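S.K.: need a 3D model of the sequence below.
(2 chains)
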There are 2 protein chains.
Amino acid sequence: MDRWSGYLNTHKDRFLGELLGLLRIKSVSTDPAYQAEVRGAARWTADRMHQAGIEGVRVMETGGHPVVYGEWLHAPGKPTVLIYGHFDVQPADPLQLWTSPPFEPLVRDGRVYARGASDMKGNLVLPILACEAWLQTEGALPVNVKFLFEGEEEIGSPSLAPFITDHRELLACDVAVSADSAQYNEEQPALWVGLRGLCGVQIGVRSAATDLHSGVMGGIAPNAVHALVRIIDSLRSPDGRILVKGFYDDVLPLSQAEREALARLPDDTAAIKRQTGIRAVCGEPGFTPLERNWVRPTLDVNGMWGGFQGEGSKTIIPCEAHAKITCRLVPNQHPERILECLKAHIAAHSPAEVAVSVSPMCGHAESYMVSPDHWGMAAAGHTLATLYGKAPFHMRMGATVPVTALFLKLLGVDTVSFGFGMDDEQIHAPDEFIRLSNFEQGQRAFCMLLPELGLRGPAR
Amino acid sequence: MDRWSGYLNTHKDRFLGELLGLLRIKSVSTDPAYQAEVRGAARWTADRMHQAGIEGVRVMETGGHPVVYGEWLHAPGKPTVLIYGHFDVQPADPLQLWTSPPFEPLVRDGRVYARGASDMKGNLVLPILACEAWLQTEGALPVNVKFLFEGEEEIGSPSLAPFITDHRELLACDVAVSADSAQYNEEQPALWVGLRGLCGVQIGVRSAATDLHSGVMGGIAPNAVHALVRIIDSLRSPDGRILVKGFYDDVLPLSQAEREALARLPDDTAAIKRQTGIRAVCGEPGFTPLERNWVRPTLDVNGMWGGFQGEGSKTIIPCEAHAKITCRLVPNQHPERILECLKAHIAAHSPAEVAVSVSPMCGHAESYMVSPDHWGMAAAGHTLATLYGKAPFHMRMGATVPVTALFLKLLGVDTVSFGFGMDDEQIHAPDEFIRLSNFEQGQRAFCMLLPELGLRGPAR
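M.R.: Sure thing, here's the model as predicted:
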């Protein structure tokens, strides 16, 4: 047995306790009220890395939330691996839907419930613990390692591109490994070969100086909610096609080979319905659910509001209404171009009697693709196959990890997504959790991945 | 000079101070949190009536908020007048748009700012003060008077029909006078000959058990906000016509004479735009603004919400969305039938992949019409003409006073609307106010109306 394995077993309870500590920090990056907590999570991460034996650890400033850097570079002739993760989390609301408070982690039935448990504090600590296990038992790592942890992933990583640009030398590496990822299920491992991009806008509509009496002005005054409804309803057809002019222009057609590869994956419809409570898997006509979810772009209202929301009734004509909209983008679509299409569409569909404002929202991210034949992917695939006894699925993914496209563009390296969340773990939703079994499996997996990368990467 | 006139002058400051006391009571009828405050406003009203010399004053229970009754019945041979008003108010939110706190009345530049100042606590006290002035100076009133003040007008008076039905004897009268009314402007008096009715629904849409990750489920999961938007957008055409099947079926056509009478009234478009900040007077094609506002029915979303409303972005597919909708109805339209039309329309336009619930909201009210030749209208018209030096406009009104239709149906009497609010006083909106000049004019007007009613009403 590898010596790191004994170390992981011996320190299992401590590692879990440490994770709970990190989960207590309310590092919600989108809300300025939690700015100090995001910094607190950066500090926690830096301290934990230092404790693990990682060197040169520092919290570094950006234009927004800080990043954490660290390194261990004493494996001459071996490749350098840049490990990525984020210590920020999504907002916890709607709070009333949580069974236990989102920032008071609860261990129950082999799961840890907390905001950020799966996405991705439970994954963030895995490579740190793996390095500690190697360093404590072998006194060295089998590859050179750099760490970059950020605090803005959940808002689209707006400060990361300038930070990487300014620190190309510091971050230079042969491959990146992102721990912000998931496995297919407890028996079946998976590697992501594609991730979608992201862009978003917030729309505001104003129809009058104040809310108006729905009787006194009813029939003659414009209604901000009706105007916004008209705009939103113009964005998608009833059957799920996006009607924004130019939206699909840059989307590459699916090859027959890709369609066949997707069709060979198992049909998860029943499991998805059970997990989410949706009545039906729906979406764009002419595509299978996996195609819609992985290789077709989307447009969703994330939130909308206007007028009276209290108990009972208030007979007003609302004077303002708002909506937040984000799009998931696929290869060859570019956030800036989609934003222009959205703005033009909204302008063309805005009723003349109201004032409409459109502002970009959240950082923008390009989509990302990596070849399954890349040496880093091969190292990860071998590790997972050894651990699970099964070759991993090569999957695309509906979600976005902005850093993947940035590393390729700015550092010239590909990213291997290597994480141990799962699709049913309620990420971005109430009662988020991570499985303890995966938390422990993930530690072993990173311990095994490091020497595999050392074997397969370029000699230096 | 009438002796009551001197009394009003002498006690002017006290009367204003008393009004401020009533305005401090947060009698928001729609919100259960303010139940005790609504009762407090009832108690205040009863105490003030007793102090004025009104007899038999009592707070009486209903199934909902209590009503206040009082009487003075020592004018043999004279008609009996039932005076109506309400001590409940609309909710004050959005609170942040108020210049001064809504329940801390502020007197500034000849105006009293507070929620309920114009609608209608400032009007409610007028007939009480007028009776006090008559009783203190003449020792008697020129007619028999009964008072009925309720606490549920702003939620559609749901308890009033059963209460009136159970107390027909107590409330028996020759005419009703509602102080819940307004004048055209400071120079031009007005009498309402028609009021619209009201009905409403709340719609709820559920698309999943929880909010879902917009990447992980994007493209395949239904979105509750998009589904609700589709339903709402199906209710009205872009140009303002209501598309609910059957909605206009019972609306009586406008006669040529009515259209000509409406066309003779001044064009207020410029003033409305200035007061409300709307860009354009809009609405149903084929009708003038006054026709749309007074004699055509309306449908407005009063509030709508779903998903994330916080700072920044949250990339979710919302699992639920809600809207509150009310309709203003015109003569011969019936709330129950319109509700059925709404329910059928919503069911027909609900996407199959979501669960949609529809529940009636707020009490329903029939529309109301009164002949300008009614003796009570003639008494009010004479009073206003004397006071303003101009004959009143005979107007219809876009808003709803549910009691008017109830008095006709249950007591067999017509209602004269006689109040001193004005259209620009921000009722149901932030910074509601009443003009002090109107508050004082209204006291004089009620003092003059009582003998006019005594002269013109049926001898008993």
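S.K.: and A:Pro238, how many residues sit next to it?
M.R.: Residues within reach of A:Pro238, counting by other Cβ atoms under 10 Å in any protein chain shown, total 11. C-beta: built from backbone N, CA, C; applies to glycine.
S.K.: show the contacting residues for the closest residue to it other than its chain neighbours.
M.R.: Excluding the flanking residues, the one nearest A:Pro238 by Cβ to Cβ, 6 or more residues apart in numbering or on different chains is B:Arg230, at 6.5 Å. Listed by Cβ atoms under 8 Å, 6 or more residues apart in numbering or on different chains, the contact partners of B:Arg230 are A:Asp233, A:Pro238, B:His349, B:Pro351.
S.K.: return the subset of those lying in helices.
M.R.: A:Asp233 (DSSP state H).
S.K.: filter the contacts of B:Arg230 down to the ones in strands?
M.R.: When the contacts of B:Arg230 are checked against strands (DSSP state E), there are no matches.
S.K.: are we agreed that A:Ile203 is in a helix?
M.R.: No. Counting by DSSP: H, G, I helix; E, B strand; the rest coil, A:Ile203 is not found in a helix; it is strand.
S.K.: related to what we said a few turns ago, now, which of the contacts of B:Arg230 sits nearest B:Tyr184?
M.R.: Taking Cβ to Cβ as the measure, B:Tyr184 lies nearest A:Asp233 of the contacts of B:Arg230, at 39.0 Å.
S.K.: please verify my assumption that that closest one contacts B:Asp233.
M.R.: Yes. Shown here, A:Asp233 and B:Asp233 form a contact pair, counting by Cβ atoms under 8 Å, at 4.0 Å.
S.K.: rewinding a little: now, which of the contacts of B:Arg230 sits nearest A:Ala405?
M.R.: Nearest member of those to A:Ala405, counting by Cβ to Cβ, is A:Asp233, at 31.9 Å.
S.K.: check which helix or strand covers the residue of the stretch 351-460 of chain A found nearest chain B.
M.R.: For the stretch 351-460 of chain A and chain B, the shortest gap (Cβ to the nearest Cβ) falls at A:Ala399, measuring 2.8 Å. Per DSSP states H and E, A:Ala399 falls between elements, in no helix or strand.
S.K.: residues contacting it?
M.R.: A:Ala399 neighbours (Cβ under 8 Å, 6+ apart): A:Leu195, A:Arg196, A:Arg328, B:His213, B:Gly215, B:Val216, B:Gly218.
S.K.: assign the fifth one to helix, strand or coil.
M.R.: Here B:Gly215 is recorded as coil under three-state DSSP.
S.K.: quick one: contacts for it?
M.R.: Applying Cβ under 8 Å, 6+ apart, we find B:Gly215 in contact with A:Arg196, A:Leu198, A:Arg328, A:Met397, A:Gly398, A:Ala399, A:Thr400, B:Thr315.
S.K.: please apply the same query to the fourth one.
M.R.: With Cβ under 8 Å, 6+ apart as the criterion, the residues that contact B:His213 are A:Ala399, A:Ile427, A:His428, A:Ala429, B:Thr315, B:Ile316, B:Ile317.
S.K.: ok so, going back, ok, the contacts of B:Gly215 vs A:Ala209, which is closest?
M.R.: Once Cβ to Cβ is applied, the member of those that ends up nearest A:Ala209 is B:Thr315, at 33.2 Å.
S.K.: state the distance from the closest one to chain A.
M.R.: In this view, B:Thr315 and chain A are 5 Å apart by Cβ to the nearest Cβ, to the nearest Å.
S.K.: count of residues packed around that residue?
M.R.: The number of residues near B:Thr315, taken as other Cβ under 10 Å, comes to 27.
S.K.: what's the closest non-adjacent residue to it?
M.R.: The shortest distance from B:Thr315 to any non-neighbouring residue, by Cβ to Cβ, 6+ apart, is to B:Ser214 (4.4 Å).
S.K.: repeat for A:Asp424
M.R.: A:Gln275 (4.6 Å).
S.K.: and the one you found, helix, strand or coil?
M.R.: Relying on three-state DSSP, one would call A:Gln275 helix.
S.K.: mean confidence for stretch A:394-408?
M.R.: The average pLDDT within stretch A:394-408 is 92.
S.K.: ok, and for the lengthiest helix in chain A, which residues are buried?
M.R.: Assignment by DSSP H gives helix A:436-456 as the longest helix of chain A. Within helix A:436-456, the residues scored as buried using 16 or more other Cβ atoms under 10 Å in any protein chain shown are A:436, A:438-454, A:456.
S.K.: mind saving the C-alpha coords of that helix as PDB?
M.R.: Extracted in PDB, the C-alpha atoms of helix A:436-456 (Å, rounded to 0.1, in the frame of the first residue of the first chain):
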ATOM      1  CA  LEU A 436     -18.200  11.800   2.300                       C
ATOM      2  CA  SER A 437     -17.300   8.700   0.200                       C
ATOM      3  CA  ASN A 438     -16.500  11.000  -2.700                       C
ATOM      4  CA  PHE A 439     -14.600  13.400  -0.500                       C
ATOM      5  CA  GLU A 440     -12.300  10.500   0.600                       C
ATOM      6  CA  GLN A 441     -12.200   9.000  -2.900                       C
ATOM      7  CA  GLY A 442     -11.100  12.400  -4.300                       C
ATOM      8  CA  GLN A 443      -8.100  12.600  -1.900                       C
ATOM      9  CA  ARG A 444      -6.900   9.200  -3.100                       C
ATOM     10  CA  ALA A 445      -7.500  10.200  -6.700                       C
ATOM     11  CA  PHE A 446      -5.300  13.300  -6.400                       C
ATOM     12  CA  CYS A 447      -2.600  11.300  -4.700                       C
ATOM     13  CA  MET A 448      -2.600   8.900  -7.600                       C
ATOM     14  CA  LEU A 449      -3.000  11.600 -10.300                       C
ATOM     15  CA  LEU A 450       0.300  13.400  -9.300                       C
ATOM     16  CA  PRO A 451       2.700  10.500 -10.300                       C
ATOM     17  CA  GLU A 452       0.700   9.700 -13.400                       C
ATOM     18  CA  LEU A 453       1.100  13.300 -14.600                       C
ATOM     19  CA  GLY A 454       4.800  13.000 -13.700                       C
ATOM     20  CA  LEU A 455       5.100   9.900 -15.900                       C
ATOM     21  CA  ARG A 456       3.200  11.200 -18.900                       C
END
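S.K.: okay then, goodbye and thanks.
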